[in-house]
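J.: Sequence and predicted structure, then a few things I'm wondering about:
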Amino acid sequence: MSDTSRPIPRLLDPCLRQITYLRVSVTDRCDFRCVYCMSENMTFLPKKELLTLEELDRLASAFIGQGVTKLRITGGEPLVRRGIMNYFAAMARHLESGALKELTLTTNGSQLRQFANHLYDCGVRRVNVSLDTLNEAKFKRITRWGRFDQVIDGIDAAQDAGIRVKINMVALKGTNEDELETMVRWCADRGMDLTFIEVMPMGDLGNEDRLDQYWSLRNLRLRLNEIWTLTDLCESTGGPARYARISETGQKVGFITPLTHNFCAGCNRVRLACTGRLYQCLGQKEEADLRRVLRENPQDDGPLIAAIHAAIARKPKGHGFDYAHQTVSGEISRHMSHTGG
Ligand code: SAM
Ligand code: SF4
């Protein structure tokens, strides 16, 4: 029997959802300290806990061999990991073979000036940049260590390199509520789509309070409706985002609302943490230690592929986040920066 007649492997979970999208957190480190993501004196994992770039390659390649067609590199801040461009260059071979349809990343934008052209050369055509405000002082308050100009310069560099930029804005009560219109117009003027994200209860934040930060996207959308005409789009990326088009600006806006809607029915993704733990659902404790399998079988991918299938067979039906009744429940103690946002 020839290779071409062999069935293409598929990763199917118990709800018969096909897993085609892998997010890989390549580091838990970051050059920012966003108030909703980590405390200012965040303790990072010991280096030995992190997968090497070679191990990350082996793992991602195993997933791609089992039918994953979209790979998003995230973190922490992926572009602060030393040697990360070698990793992108290595993953580009899967784009060239046709196994991978998209290689992309989520970044805070601080290092884009340095890396945008390399990323383009590695086949990256779209990138998500997180930016919650256009006000420099507020930016400092939110990111604590970030430099606003550097991020804007990074976005310029990405666009100049031919990479399409989408902005991710976390909706923060009392912080960026007043910038809704400005942000939509700014993105439209620059030809960028915009996705709003509800704060999720992940990680220990020190003195920050989740409920203080939480601004429901239901209210945000009502505000948008007062200014513009929004038409819902049917398209789904298999993730939590729902999309609409603003008639007046022509741009697409996304809403990631894990707390006010259930988005799990069509979920097509899993997350690989920088430690090699696979999280089948962002909002559940379910996990699988793929690093152990990987290191115990340095020459043979068979056990790793079996472990991946076994983990997918345990993918939960949905997350447990809930802010009902003004309390935070379903909270997850691990940080978004370990798991990869
Ligand atoms: N450092 C990169 C960045 O900021 O884009 C990539 C990693 S970051 C964890 C990925 C995304 O998660 C960002 O858009 C960030 O705003 C979002 N995020 C972090 N903590 C969050 C939380 N508790 N709730 C909702 N979104 C969060
Ligand atoms: Fe860093 Fe991204 Fe977390 Fe901000 S959201 S602290 S940029 S990992």
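T.: Now that the structure is in, tell me what you want to look at. Because the structure is a prediction, the values reported are computed rather than measured. Ligands and ions are numbered 1, 2, ... in the order given.
J.: Tell me the buried residues in stretch 264-274?
T.: Within stretch 264-274, the residues scored as buried using 16 or more other Cβ atoms under 10 Å are Cys264, Cys267, Asn268, Arg269, Val270, Arg271, Leu272, Ala273, Cys274. For glycine as for every other residue, the C-beta is placed from the backbone atoms N, C-alpha and C.
J.: Next: stretch 241-249.
T.: Applying 16+ other Cβ under 10 Å to stretch 241-249 flags Ala241, Arg242, Tyr243, Ala244, Arg245, Ile246 as buried.
J.: what do you get for stretch 220-238?
T.: Under 16+ other Cβ under 10 Å, the buried positions of stretch 220-238 are Leu220, Arg221, Leu224, Trp228, Leu230, Gly238.
J.: Need the worst-confidence member of the residues you listed.
T.: Here the lowest pLDDT out of the buried residues of stretch 220-238 sits on Gly238, with 68.
J.: Cys187: which of the buried residues of stretch 264-274 is nearest?
T.: Arg269 (24.5 Å; Cβ to Cβ).
J.: Chain neighbours aside, what residue packs nearest to the closest one?
T.: Leaving out its chain neighbours, the residue that sits closest to Arg269 by Cβ to Cβ, 6 or more residues apart in numbering is Tyr21, at 3.9 Å.
J.: Spell out whether stretch 65-81 and ligand 1 are in contact.
T.: Yes: looking at stretch 65-81 against ligand 1 by Cβ under 6 Å from any ligand atom, the contacts come from Thr74, Gly75, Glu77.
J.: Can you tell me which of those are buried?
T.: Thr74, Gly75, Glu77.
J.: Which of those residues fall in strands?
T.: Of those, the ones assigned to strands by DSSP state E are Thr74.
J.: Keep the buried ones among the residues of stretch 65-81 next to ligand 1, but drop any that are not near ligand 2.
T.: Gly75, Glu77.
J.: avg pLDDT for stretch 18-30?
T.: 96.
J.: now swap in stretch 59-72 and tell me
T.: Here the average pLDDT along stretch 59-72 is 97.
J.: what sits up against it?
T.: 8-11, 18-24, 51, 91, 94, 99-106, 272, 276, 290, 294, 301, 304-305, 308-309, 340 (Cβ atoms under 8 Å, 6 or more residues apart in numbering).
J.: Can you give the distance of it from its chain's centre?
T.: Here the centre of stretch 59-72 is set off from its chain's centre by 16 Å, with Cα atoms, centre = their mean, to the nearest Å.
J.: Kindly check the end-to-end length of that stretch for me.
T.: 13 Å (Cα to Cα, to the nearest Å).
J.: ok, now how distant is the closest residue to His118 other than its chain neighbours from ligand 2?
T.: Excluding the flanking residues, the one nearest His118 by Cβ to Cβ, 6+ apart is Met85, at 4.9 Å. Look at Met85 and ligand 2: by Cβ to the nearest ligand atom, to the nearest Å, they are 19 Å apart.
J.: if we take the residues of stretch 65-81 next to ligand 1, which one ends up nearest to Pro46?
T.: Nearest member of those to Pro46, counting by Cβ to Cβ, is Gly75, at 16.5 Å.
J.: isn't that closest one right next to Arg23, touching?
T.: No: between Gly75 and Arg23 there is no contact under Cβ atoms under 8 Å: 10.2 Å.
J.: As a check, name the ranges of all strands in this protein.
T.: Under DSSP E, the chain gives strands at 21-25, 70-74, 102-107, 126-130, 164-171, 193-198, 230-233, 241-246, 252-256, 269-272, 277-279, 287-289.
J.: circling back: could I have the ChimeraX command that selects the buried members from the contacts of stretch 59-72?
T.: Listed next is the ChimeraX selection for buried residues among the contacts of stretch 59-72, using 16+ other Cβ under 10 Å:
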select :11,19,20,21,22,23,24,51,91,94,100,103,104,105,106,272,276,290,294,301,304,305,308,340
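J.: picking up where we left off before, now, the buried residues of stretch 220-238 that are in helices?
T.: Here DSSP state H is the test, and these give Leu220, Arg221, Leu224 as lying in helices.
J.: Up against ligand 2, what does the stretch 51-200 of the chain have?
T.: Residues of the stretch 51-200 of the chain lying near ligand 2 (Cβ under 6 Å from any ligand atom): Gly75, Gly76, Glu77, Asn108, Ser130.
J.: how near is the residue nearest to Arg269 to ligand 1?
T.: For Tyr21, the distance to ligand 1 equals 15 Å [Cβ to the nearest ligand atom].
J.: what sits opposite that residue in the beta ladder?
T.: Per DSSP bridges, the residues bridged to Tyr21 are Lys70, Arg269.
J.: any residue of stretch 125-137 up close to ligand 1?
T.: Yes: using Cβ under 6 Å from any ligand atom, stretch 125-137 comes into contact with ligand 1 via Ser130.
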